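J.: Got a sequence here, can you model it:
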Amino acid sequence: MKVLVVGGTGGMGQGVARDLIKQAQIQNVVLGDINVDPARVQEKLRASEKIALRLLDVNDHNGLVEAIKGVDVVVNCAGPFYKTAVAVAKAAVEARVNYIDICDDYEAAEILFASDIDGKAREAGITVLTGMGSDPGTNNVLVKWYANKLDTVDEVYLYWVVSIAELAGAAWDHSLHMVLGKIPQFIDGKIEYVDGGSGEETERFLDPLGECLISYVGHPQPLTIPRYIRGVKKVVIKGALIPLWVDRLIKEQRDTGFLSKDPIEVKGQKIVPYDLTLKLWDSIPKGRDNGPQASGLKVIVKGTRGGDQVTYTADIVGRMAPGTGLPASIAALMFSAGEIKEKGVVAPEGCINPDKFLAELIKRGARIHQTETVRSMLKVE
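T.: Just a heads-up that it's a prediction; the model follows:
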């Protein structure tokens, strides 16, 4: 099996590649990127005979199609995905090759499901699997896993925090973009658009993270989970960058125009405030408190079983790159094994077998802490 990882020399792309090269069925992993400096690639990958570098520009449609034609699966790790997911998915459909991404931007998911990409992928007999990272990705599969144990699912709460010690490159772009404007949440059985960064609340994550302040963010799950979990009335997602000063500063920048995408004139030059602020975030954290070297996920699913009210909670803490890369790698291997059969555009909760996926994730060292709470009325037989 041959795999092309788009954005392959970035942190997330290398996270996918590290797992893939360990698998016997993988013959070749091509790291396609605009930056193919070998020094950017980790030593273990450089030393592997399975790894090849290929200069690739996601804006070059024909070049993308040609590169994708030579492989069995393409994994898109080139963020930010509101700029790249649709372009790479279109190229994969034209090349008639199964596609996976780790897209965490709701706009791209919205387009993928609503555009002709879905129909064309079905005609080509391929799958466009979007959102197969950690969030979205692992938490979507956990939702499906718990849904399979319930008679009805009423509410889903997805929470996450990411340490800025783990952020680099396009991840900063997504982190600023996700709190801008109105973003979708699924409330009272329908999509509602709320202000990004609103709805602040405190949630406890596993140590060493502890209590963190989180708020609404623009991720795809409120759009995708109701497609596959019938009858759910609420799907909300909240997250934050930690430590707290980072989240506070980003919201202050948003509220004072530093994240505006409307050009302004400065000394005769047109400047987009967002672009300048994004560039400065490469240096703002230096010499500051960067918090714990870990990130966290929490999944809460509420529903009923046998007339009882049941709540499942899952908590994960770990590093972002392997946490994001492993799910995409596992999905690629599931394609190889013929375990993903749905065609067209699909989210993880719509095509991934939760039992098989979670078994593979745990085999790779993941630790998922879960609780089940059952509330029932006294019954006298």
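
J.: what's the spacing between the closest residue to S260 other than its chain neighbours and G79?
T.: Excluding the flanking residues, the one nearest S260 by CB to CB, 6 or more residues apart in numbering is P273, at 4.7 Å. All C-beta spots, glycine's among them, are computed from the backbone N, C-alpha and C. Going from P273 to G79 by CB to CB, to the nearest Å gives 21 Å.

J.: what's the answer for D60, then?
T.: Noted for D60: a distance of 17 Å to G79, by CB to CB.

J.: From V6, how far off is Q23?
T.: The gap separating Q23 from V6 is 19 Å, by CB to CB.

J.: and if you look at D19?
T.: Distance, D19 to V6, using CB to CB: 16 Å.

J.: Settle it for me: which of those two has more neighbours?
T.: Using other CB atoms under 10 Å, the more surrounded residue of D19 and V6 is V6, with 28 against 21.

J.: In contact with that one, which residues are there?
T.: The contact partners of V6, by CB atoms under 8 Å, 6 or more residues apart in numbering, come to 13, 32-33, 56, 58, 64, 74-78, 84, 88.

J.: Dump the residues you listed into TSV; add neighbour count and secondary structure as well.
T.: TSV is the format used below for these (neighbours: other CB atoms under 10 Å; DSSP: H, G, I helix; E, B strand; the rest coil):
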residue	neighbour count	secondary structure
G13	29	helix
G32	30	strand
D33	24	strand
L56	26	coil
V58	20	coil
L64	25	helix
V74	27	strand
V75	32	strand
N76	33	strand
C77	32	coil
A78	28	coil
T84	22	helix
V88	29	helix
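
J.: farthest-separated two in those?
T.: Using CB to CB, these span at most 14.9 Å, a distance reached by G13 and L64.

J.: Check the offset of stretch 71-78 from the chain's centre.
T.: Per CA atoms, centre = their mean, to the nearest Å, the displacement of stretch 71-78 from the mean C-alpha position of its chain is 15 Å.

J.: Then stretch 169-186?
T.: Relative to the centre of its chain, stretch 169-186 is centred 12 Å away, using CA atoms, centre = their mean.

J.: same thing with stretch 104-113?
T.: 11 Å.

J.: List the buried residues in that stretch.
T.: Buried positions in stretch 104-113, judged by neighbour count with 16 or more other CB atoms under 10 Å: 104-113.

J.: More neighbours: D60 and G79, which one.
T.: Ranked by neighbour count (other CB under 10 Å), D60 and G79 place G79 first, with 25 against 15.

J.: Surely the more buried one forms part of a strand?
T.: No. Per DSSP: H, G, I helix; E, B strand; the rest coil, G79 lies outside any strand segment and is coil.

J.: if I look at it, how far off is D101?
T.: Computed with CB to CB, the distance linking G79 and D101 is 9 Å.

J.: next one: W160
T.: Distance of W160 to D101, computed by CB to CB: 18 Å.

J.: More neighbours: which of these two?
T.: A side-by-side neighbour count of W160 and D101, using other CB under 10 Å, places D101 first with 32 against 25.

J.: any idea how far the nearest residue to the more buried one once chain neighbours are set aside is from V153?
T.: Nearest non-adjacent residue to D101, counting by CB to CB, 6+ apart: N76, 3.9 Å away. For N76, the distance to V153 (CB to CB) stands at 29 Å.

J.: ok, now E211?
T.: If you measure E211 against V153 using CB to CB, the figure is 27 Å.

J.: Between these two, point out the one with more neighbours.
T.: V153 (27 against 8).

J.: you'd agree the more buried one is up against K234?
T.: No. Between V153 and K234 there is no contact under CB atoms under 8 Å: 9.7 Å.

J.: Give the buried residues for stretch 332-340.
T.: For stretch 332-340, a neighbour-count test (16+ other CB under 10 Å) marks 332-336, 340 as buried.

J.: Pick the one among the residues you listed closest to N290.
T.: Closest to N290, out of all of those and judged by CB to CB, is A332, at 32.0 Å.

J.: Alright, that wraps it up for me.
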